[in-house]
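> Let's see this in three dimensions:
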Amino acid sequence: MAQFGPLVSTDWLADRLADERVRIIDGSWRMPGAPPARQDYERRHIPGAAFFDIDHIADRASPLPHMLPSENAFGKAVGALGVSNDHDGVIYDDKGLFSAARVWWTFRAMGHDRVAVLDGGLPKWRAESRPVTDDRAGPKPATFRARLQPHMVCCAAQLRSWLDDPDVVIADARPAARFCGAAPEPRSGLRSGHMPGAKSVPHTVLLTPDGGLRPAEEIERILRGAGLDLDKRIVTTCGSGVTAAVLSLALEIVGCRRHTLYDGSWAEWGDERHTEEEHPVIGGK
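This is a model prediction of the structure:
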């Protein structure tokens with residue numbers, strides 16, 4: 001399969017459920033306070049799918065939510081899910097397109113390019129009456145060697161240095177009301193508003209009514225309409241680095257390769273313990 005990703009259709013996956021080269025991954029995730037997504041995975045998932053726990057395949061020592069793990073920790077975790085460097089990974093979530101992109105981006109950041117998101121996710125799969133199961137048979141362990149791609153992720157210090165760089169655009173995937181400071185953040189201890197110069201691109205504007213991703217030409221029109229210059233480096237951000245990856249996926253689809261995800265996102269930048277000088281904020285308190 002010379003051409004693979006970043007999106008695959010339900011037809012494509014249905015034809016390859018028994019293909020040993022393909023590993024299916026459930027990347028469903030819930031916002032803070034909701035029951036864990038694993039419970040729903042255990043009730044129903046695509047046959048053969050392993051569950052990727054975004055909150056646990058992460059840097060567990062960090063006070064920030066689901067930050068990238070070390071190469072070694074990531075390799076061990078996905079190897080335990082049966083994924084090797086020779087496999088094609090197909091990732092879905094049970095919302096359509098919400099958290100699967102974060103798992104896609106994590107694999108890409110760890111050097112594995114042969115990974116794709118299932119367009120429409122589990123809702124589309126089920127709407128088409130395709131098979132699901134509650135079978136939790138463990139996968140055969142594999143060996144995965146991760147190699148971090150530093151250009152795909154940035155930290156707060158790097159982002160601060162880019163705030164006045166005319167070649168960098170910040171794209172914020174949070175809902176517009178949170179971006180402008182009219183709605184509170186779901187996590188406590190965070191200021192409202194957005195980073196100086198950031199553009200508001202709520203991830204939902206890129207989705208179709210059934211939860212799939214819009215066609216490439218529509219995506220490009222939406223991104224440019226939001227003020228993104230696709231010839232520049234684009235930093236994607238959100239509340240905690242999950243829906244920012246939907247923007248990263250969309251940028252990849254329209255051929256923009258200079259995208260970097262700010263892993264700490266607003267959970268770090270908006271922390272009320274930071275001073276305005278350290279992390280300036282526009283439009284909030």
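> quick one: Val242 and Ala100 touch, right?
No. Counting by C-beta atoms under 8 Å, Val242 sits too far from Ala100 to count as a contact (9.9 Å). Just so you know, the C-beta spots here come from the backbone N, C-alpha and C atoms, and that holds for glycine as well.
> Looking at those two, which has the bigger crowd around it?
Higher neighbour count among Val242 and Ala100: Ala100, with 31 against 24, using other C-beta atoms under 10 Å.
> wait, what's in contact with the spatially most central residue of the chain?
By C-alpha atoms, centre = their mean, the chain has its centre lying nearest to Arg102, at 1.9 Å. For Arg102, the contacting residues are 27, 29, 54, 66, 241-245, by C-beta atoms under 8 Å, 6 or more residues apart in numbering.
> what's the most distant pair in these?
Greatest spacing in those, by C-beta to C-beta: Gly27 and Ala244 (14.5 Å).
> Tell me where the stretch 51-200 of the chain has helices.
71-80, 100-109, 121-127, 156-162, 176-179 (DSSP state H, counting those that start in this stretch).
> Need the winner for burial among those.
helix 100-109 (a mean of 27; mean count of other C-beta atoms under 10 Å).
> For the residue lying closest to Gly82 once chain neighbours are set aside, the count of nearby residues, please.
Distances taken as C-beta to C-beta, 6 or more residues apart in numbering place Pro139 nearest to Gly82, at 2.9 Å, with adjacent residues excluded. Pro139: 15 surrounding residues under other C-beta under 10 Å.
> Point out where the stretch 1-150 of the chain drops to low pLDDT.
Applying pLDDT under 70 to the stretch 1-150 of the chain picks out residues 1-3.
> Recalculate using a threshold of 80.
The model of the stretch 1-150 of the chain has pLDDT under 80 over residues 1-5, 137-138.
> Then the stretch 151-285 of the chain?
For the stretch 151-285 of the chain (pLDDT under 80), the answer is 284-285.
> Strands along that one, start to end?
153-154, 168-172, 199-200, 233-237, 259-262 (DSSP state E, counting those that start in this stretch).
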